[in-house]
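**Q** need coordinates for the following:
(chains A, B, C and D)
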Number of protein chains: 2
Amino acid sequence: MVKRPTLQDVAAEAGVSPATASYALRGQRGSDATVERVRQAAERLGYDADPIARALATGSTGTVGVLCGSTRDLWQQRLAVDLSRALMARGRHAVVADADGDPGRERALLAKLREQRPDGLLVAPLDPDAAHWHDVAERFPVVCVGEQLPRAPSAGAVVFDNDAGMALVFDHLAGLGHRRVAVVLTARPSTPDRPAEDLVRRHAARVGVSVVLVHPPPATADVADLRDHLAAALAGPAAGVSVVFCLSDSLAFAALRAAAVRGLAVPDDLSVVGFEDLDVADLVGPGLTTMSWGEETVVDAAVGQLLVSIEDDVAPARSTIAPRLVVRGTTGPAR
Amino acid sequence: MVKRPTLQDVAAEAGVSPATASYALRGQRGSDATVERVRQAAERLGYDADPIARALATGSTGTVGVLCGSTRDLWQQRLAVDLSRALMARGRHAVVADADGDPGRERALLAKLREQRPDGLLVAPLDPDAAHWHDVAERFPVVCVGEQLPRAPSAGAVVFDNDAGMALVFDHLAGLGHRRVAVVLTARPSTPDRPAEDLVRRHAARVGVSVVLVHPPPATADVADLRDHLAAALAGPAAGVSVVFCLSDSLAFAALRAAAVRGLAVPDDLSVVGFEDLDVADLVGPGLTTMSWGEETVVDAAVGQLLVSIEDDVAPARSTIAPRLVVRGTTGPAR
DNA sequence: CCAGCGGAGTGAAGCGCTTCACTGGCCGTG
DNA sequence: CACGGCCAGTGAAGCGCTTCACTCCGCTGG
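**A** Here you go, the predicted model:
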């Protein structure tokens, strides 16, 4: 277990003071000759600055906290991983925490994350209305993805243009001649956003289709529960619809299974639309028609806004992501 | 921006020296009365030890690095997230790095991660044979998941009992009366493990089924490429098989689509078996029959072994995960 | 009755880095 | 020629915590 070289060692090797070495290595000061000499000494010794000591001295850790409401949600799972990757690519480290669906844990993890003194926070909240967002946004740059934090005016946000998204979906459906659609709402927490029911109603009305709203079972439901729940809806209140539009892709998968249970062929008897564009949407069955927000766009926006805020010491920006409808195999003309 | 209280402040508030406060808060020394007084002072001030300063003083960061070969791989995506969650639950922070399929990046990220001075490392390597694993395992506790690190004898590992897994799959298939199966190999990197071809051959021979091996297209292939590739195989070399056994679930999904392209009904005309048990395996179509290693078991083993190694300063253990065959809707009797 | 012991409490020295405030040349300007 | 300004280089003071080594005290046992 050989000791790592310290700045002292480099300074000694180069024949300068530690202060000079410190400045030189960061290219902040010093004559070209000295800088070069120090650099070579560092090279020779295999020196790398200790980020811990640096963090203590500067008060900045180079770390960004990522707090997710529930990574059991496939969309958030991917989000967490992609945010980490993007942060790493931009020279920062991500430490990710997952509240796993429990608002109490969200609070606790937020506290833990704060202790870590991150330079900033990226959050996909369970409860955007919670009071703790306010406190934390006062002390750290925070960017929230998927929604606004109403209690934290100083936080940035990357939100989805659900109005436009709804418009695309209903235009698509109306264009295929559908007149009756079931809309399956999501249970919080989940999905990029939960467009308000009135968005649904407005766009349905605009294109002249009638809507039956289906509420999802509680978040604890497993796949079989979801399937049965939707199959029941299809047999009951939603009987006779030609489309099931689900406000999350996971729900849409369950809807596909429910259709099978009811003996309905997709998309011939029943069209199914999702709302997320998970990786697997393209992988399964006929390919799920779904709303996409462009994972990369979302991640770039969130990370970009946060880093600008950190580096320039300004309040993080807010931005809106435009939707794209990805038409695959689960939608077809109404019969 | 109000300054956080420091240990000094707490000590002053409690009327003791910083040293006493430090010991007291960690319950290491001090009379009950003093400990209580310090605790209350800390409470009153809302004190929380600064982990950076602590790390500098103790040399231990409480952080564990997680290095993944490619989180585009859905199995690794989930693994990364679940490892993070498990670490957090055990009081540590995870910083996750993702080589994104590039061995050069794997090397670079490993270097970055080392600089962070993590207490240990959890890796799902792109190239288990790479020389850098040796160096790093000498300096940090390392647990590798999915395979052994042949060059790093001091590293721990969580490996899969592929022999048993193959046995289960072929027993299942033979039991259903299948006589000819196509086995789709995976391109590295991916999947819990790539059982050697000879495992396949041996178990196929044991139960008396014939095997046609299908090599996958390069890792850069997208879903459509995979589907077409497999559809072509089904029309060519693999024509007439009654089962497609894929050594990853993603491949299995592609196989399902290929079957559709060829007009084969699953499982009536063709059975499909995967090898991973992704979350979505249960979500899509008839539900994918697949080998499962039990995500939780794997994560617990990896994290457990690493933490034991860190805390007791011993070499990390090696363990083997027993497989479970999850029979869902994509396998049925041979016709 | 006193030596000796152990536990409570403390001062101070780090951990490895940054940065403030300062010194001492060197150069350009009046 | 004298002076001011500028910049390379430096010593030392932290950042907030842990921990070593020490003092002091009250007890116990011989």
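**Q** use CA for all of it now, contacts and neighbours both
**A** Will do.
**Q** for residue A:274, give the beta-bridge partners.
**A** Beta bridges link residue A:274 to residue A:290 when assigned by DSSP bridges.
**Q** tell me the SS of whatever residue of chain A ends up closest to chain B?
**A** Chain B sits closest to residue A:95 of chain A, with a gap of 4.8 Å, by CA to the nearest CA. Residue A:95 falls in the strand class when you classify it by DSSP: H, G, I helix; E, B strand; the rest coil.
**Q** against residue A:73, how distant is it?
**A** Using CA to CA, to the nearest Å, one gets 19 Å for the distance from residue A:95 to residue A:73.
**Q** of these two, which one has the most company?
**A** Higher neighbour count among residue A:95 and residue A:73: residue A:95, with 25 against 18, using other CA atoms under 10 Å in any protein chain shown.
**Q** bridged to the closest residue in space to residue A:169 that isn't next to it in sequence, which residues?
**A** Distances taken as CA to CA, 6 or more residues apart in numbering or on different chains place residue A:325 nearest to residue A:169, at 7.0 Å, with adjacent residues excluded. Applying DSSP bridges to residue A:325 yields these beta-bridge partners: residue A:291.
**Q** report pLDDT for residue A:325.
**A** pLDDT recorded at residue A:325 is 97.
**Q** could I get the helix or strand where residue A:202 lies in PDB with only the CA atoms?
**A** Secondary-structure assignment from DSSP states H and E places residue A:202 in helix A:197-207. Taking Å, rounded to 0.1, in the frame of the first residue of the first chain, the C-alpha atoms of helix A:197-207 are listed here in PDB:
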ATOM      1  CA  GLU A 197     -57.700  15.600 -17.000                       C
ATOM      2  CA  ASP A 198     -58.900  18.900 -18.500                       C
ATOM      3  CA  LEU A 199     -56.200  18.800 -21.100                       C
ATOM      4  CA  VAL A 200     -57.600  15.400 -22.200                       C
ATOM      5  CA  ARG A 201     -61.100  16.700 -22.200                       C
ATOM      6  CA  ARG A 202     -60.300  19.800 -24.100                       C
ATOM      7  CA  HIS A 203     -58.400  18.000 -26.900                       C
ATOM      8  CA  ALA A 204     -60.900  15.200 -27.100                       C
ATOM      9  CA  ALA A 205     -63.600  17.800 -27.500                       C
ATOM     10  CA  ARG A 206     -61.600  19.700 -30.000                       C
ATOM     11  CA  VAL A 207     -61.300  16.700 -32.400                       C
END
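**Q** mind listing what's buried along that helix?
**A** Neighbour counts over helix A:197-207 (16 or more other CA atoms under 10 Å in any protein chain shown) mark A:199, A:200, A:201, A:203, A:204, A:207 as buried.
**Q** and for stretch A:216-231?
**A** Buried residues in stretch A:216-231 (16+ other CA under 10 Å): A:216, A:217, A:223, A:226, A:227, A:228, A:229, A:230, A:231.
**Q** same check on stretch A:60-71?
**A** Neighbour-count burial for stretch A:60-71 [16+ other CA under 10 Å]: A:60, A:61, A:62, A:63, A:64, A:65, A:66, A:67, A:68, A:69, A:70, A:71.
**Q** contacts (any at all) between chain B and it?
**A** Yes - Stretch A:60-71 comes into contact with chain B (CA under 8 Å from any CA of the partner chain), by way of residue A:71.
**Q** which residue, other than its chain neighbours, is closest to residue A:93?
**A** residue A:63 (4.7 Å).
**Q** hmm, back to that, can you pull the pLDDT of the residue of chain A closest to chain B?
**A** The model's pLDDT for residue A:95 equals 92.
**Q** next, the contact list for it, please.
**A** Neighbour list for residue A:95: A:63, A:64, A:65, A:66, A:84, B:93, B:94, B:95, B:96 [criterion: CA atoms under 8 Å, 6 or more residues apart in numbering or on different chains].
**Q** repeat the analysis, applying 6 Å as the threshold.
**A** Listed by CA atoms under 6 Å, 6 or more residues apart in numbering or on different chains, the contact set of residue A:95 reads A:65, B:94, B:95.
**Q** please point out which parts of the longest helix seen in chain A sit buried.
**A** As assigned by DSSP state H, the longest helix anywhere in chain A is helix A:295-312. Of the residues in helix A:295-312, A:295, A:298, A:299, A:301, A:302, A:303, A:304, A:305, A:306, A:307, A:309, A:310 count as buried by neighbour count, 16+ other CA under 10 Å.
**Q** for stretch A:86-102, same thing?
**A** For stretch A:86-102, the neighbour count (16+ other CA under 10 Å) marks A:86-88, A:92-101 as buried.
**Q** could you do stretch A:275-282 as well?
**A** A:275, A:276, A:277, A:278, A:280, A:281, A:282.
**Q** would you reformat these as CSV and include secondary structure, pLDDT and distance to residue A:23?
**A** Output for those, formatted as CSV (DSSP: H, G, I helix; E, B strand; the rest coil; pLDDT from 0 to 100; distance: CA to CA, whole Å):
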residue, secondary structure, pLDDT, distance to residue A:23
A:275, strand, 91, 52
A:276, strand, 90, 48
A:277, coil, 91, 48
A:278, coil, 91, 47
A:280, helix, 84, 50
A:281, helix, 89, 52
A:282, helix, 86, 52
